[in-house]
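S.K.: A predicted structure for the sequence below; I have some questions about it.
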Amino acid sequence: KFGLNCLNVHFKYDSQKDTYALRKVDVHIPFNRMTAIVGASGAGKSTLIDLLMGLNKADRGMVTIDNEPLTNENVTSLRRSISYIPQDPFLFNATVRENLLIIDPDATEDRIWEALEFAAAAEFIRKLPQGLDTRIGDRGIRLSGGERQRLVLARAILRQPSILILDEATSALDVENEAKIQEAIERLKGKMTIIVIAHRLSTIRNADQIVVMDAGEIIQTGDYNRLAKEK
Ligand code: ADP
Ligand code: ADP
């Protein structure tokens with residue numbers, strides 16, 4: 001199938017113990033769709049992402065891209081096409097522009113603003129004293145958690161990834177910021193493969209597919225309406 005697939009994947013961090021971090025995991029992550037992975041802390045969400053990205057190898061079962069097993073070659077090109085946004089994204093003590101151009105120094109002004117618009121960051125950047133050339137961080141302006149996350153999202157978009165992974169598992173965004181990020185994701189849907197790691201269903205209603213994990217296993221798969229009905 002077109003996309004990333006896990007076929008009966010088992011994984012242990014400690015081969016001596018019999019607790020699996022992943023057990024019997026079967027999942028299909030279609031390209032150019034949005035998949036959300038939900039579950040309590042320790043359910044195996046990060047472990048699953050690491051295996052899909054080829055950062056760890058399954059002890060049993062396998063991971064495939066478009067029906068081909070992961071190889072050094074396709075893992076390398078896969079990783080090059082991924083933008084990963086961690087829970088606590090990193091920004092440099094530098095200007096907004098420098099933070100954005102770190103990935104692509106040649107990005108034009110138009111592309112920068114397009115990415116900022118997509119990430120719902122254009123408005124607050126425009127209001128900064130020196131716009132894109134405003135210094136942020138320790139010796140500059142302090143951005144809120146939500147503003148930081150939107151700026152990091154803009155930087156990720158500027159890179160034009162085929163896969164965008166957003167880890168919002170424990171991020172404590174306020175309602176307004178959460179809504180802005182959701183709007184941004186809504187605009188990106190269909191343009192790239194989006195994987196959101198979440199722990200609340202409310203933030204991922206718009207996912208094409210929701211994968212629910214518990215104790216290393218996938219316990220449910222479906223869209224929001226279906227999962228809400230079964231609950
Ligand atoms: P989640 O991302 O859903 O919070 P993880 O994938 O991080 O869950 O963890 C799944 C299980 O694997 C947990 O029991 C966790 O303690 C264990 N685990 C995660 N990372 C490691 C590691 N590097 N070494 C050993 N155990 C780990
Ligand atoms: P390969 O290196 O296997 O020939 P490509 O060069 O066509 O693959 O693509 C680079 C990587 O990006 C591959 O791992 C491929 O599976 C992945 N990829 C291609 N299209 C998409 C997409 N729309 N969304 C996510 N990943 C994709």
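M.R.: Structure's in. What do you need? Predicted, not measured: the structure shown is a model, and the values here were computed from it. Ligands and ions are numbered 1, 2, ... in the order given.
S.K.: Can you classify Phe90 as helix, strand or coil?
M.R.: With DSSP: H, G, I helix; E, B strand; the rest coil as the basis, Phe90 sits in coil.
S.K.: Now it: closest residue in space that isn't a chain neighbour?
M.R.: Residue nearest to Phe90 in three dimensions, not counting chain neighbours: Val152, with 7.7 Å by CB to CB, 6 or more residues apart in numbering. Yep, even glycine has a C-beta here, placed from its N, CA and C like the rest.
S.K.: List the residues that contact the one you found.
M.R.: 85, 89-91 (CB atoms under 8 Å, 6 or more residues apart in numbering).
S.K.: out of these, which is most surrounded?
M.R.: Ile85 (21 neighbours; other CB atoms under 10 Å).
S.K.: Look up the residues forming beta bridges with it.
M.R.: Leu166 (DSSP bridges).
S.K.: ok, it to ligand 2 distance?
M.R.: 16 Å (CB to the nearest ligand atom, to the nearest Å).
S.K.: same question, Thr64
M.R.: Thr64 sits 10 Å away from ligand 2, going by CB to the nearest ligand atom.
S.K.: Tell me if I am right that that residue is in a helix.
M.R.: No: assigned with three-state DSSP, Thr64 falls outside any helix and is strand.
S.K.: and it, what are its bridge partners?
M.R.: Assigned bridge partners for Thr64, using DSSP bridges, are Asn5, Pro69.
S.K.: what sits against it?
M.R.: By CB under 8 Å, 6+ apart, the contact list for Thr64 reads 4-5, 7, 70.
S.K.: Show the pLDDT at it.
M.R.: Here, the pLDDT recorded for Thr64 equals 94.
S.K.: Next: Asp223.
M.R.: 90.
S.K.: That one touches Val212, doesn't it?
M.R.: No: with contact defined as CB atoms under 8 Å, Asp223 does not reach Val212; the gap is 11.8 Å.
S.K.: ok, those two, which is more surrounded?
M.R.: Neighbours were counted for Asp223 and for Val212 using other CB under 10 Å; Val212 has more, 17 against 14.
S.K.: hang on, the more buried one packs against Gly39?
M.R.: Yes: contact status for Val212 versus Gly39: in contact at 6.2 Å, counting by CB under 8 Å.
S.K.: one step back: could I get the contacts of Thr64 as JSON lines with pLDDT?
M.R.: Listed next are these as JSON lines, based on pLDDT from 0 to 100:
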{"residue": "Leu4", "pLDDT": "95"}
{"residue": "Asn5", "pLDDT": "95"}
{"residue": "Leu7", "pLDDT": "96"}
{"residue": "Leu70", "pLDDT": "88"}
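S.K.: and which of these is nearest to Asn99?
M.R.: Set against Asn99, the nearest of the contacts of Thr64 by CB to CB is Leu4 (29.6 Å).
S.K.: rewinding a little: kindly indicate which of the contacts of Thr64 lies nearest ligand 2.
M.R.: Among those, Leu4 lies closest to ligand 2 (CB to the nearest ligand atom), at 7.7 Å.
S.K.: I'd like to know how far that closest one sits from Asp66.
M.R.: In this view, Leu4 and Asp66 are 9 Å apart by CB to CB, to the nearest Å.
S.K.: Repeat that for Ile197.
M.R.: Computed as CB to CB, the Ile197 to Asp66 distance reads 23 Å.
S.K.: cool, Glu147 as well?
M.R.: Separation of Glu147 from Asp66 (CB to CB): 38 Å.
S.K.: how about the residues of this protein near ligand 1?
M.R.: 13, 21, 39, 41-47 (CB under 6 Å from any ligand atom).
S.K.: could you redo the residues you listed as TSV and give each row distance to Phe118 and neighbour count?
M.R.: Formatted as TSV, those follow (distance: CB to CB, whole Å; neighbours: other CB atoms under 10 Å):
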residue	distance to Phe118	neighbour count
Tyr13	37	11
Ala21	34	22
Gly39	28	22
Ser41	30	9
Gly42	33	13
Ala43	30	23
Gly44	31	23
Lys45	25	21
Ser46	26	16
Thr47	30	22
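S.K.: Nice, that's everything, thank you.
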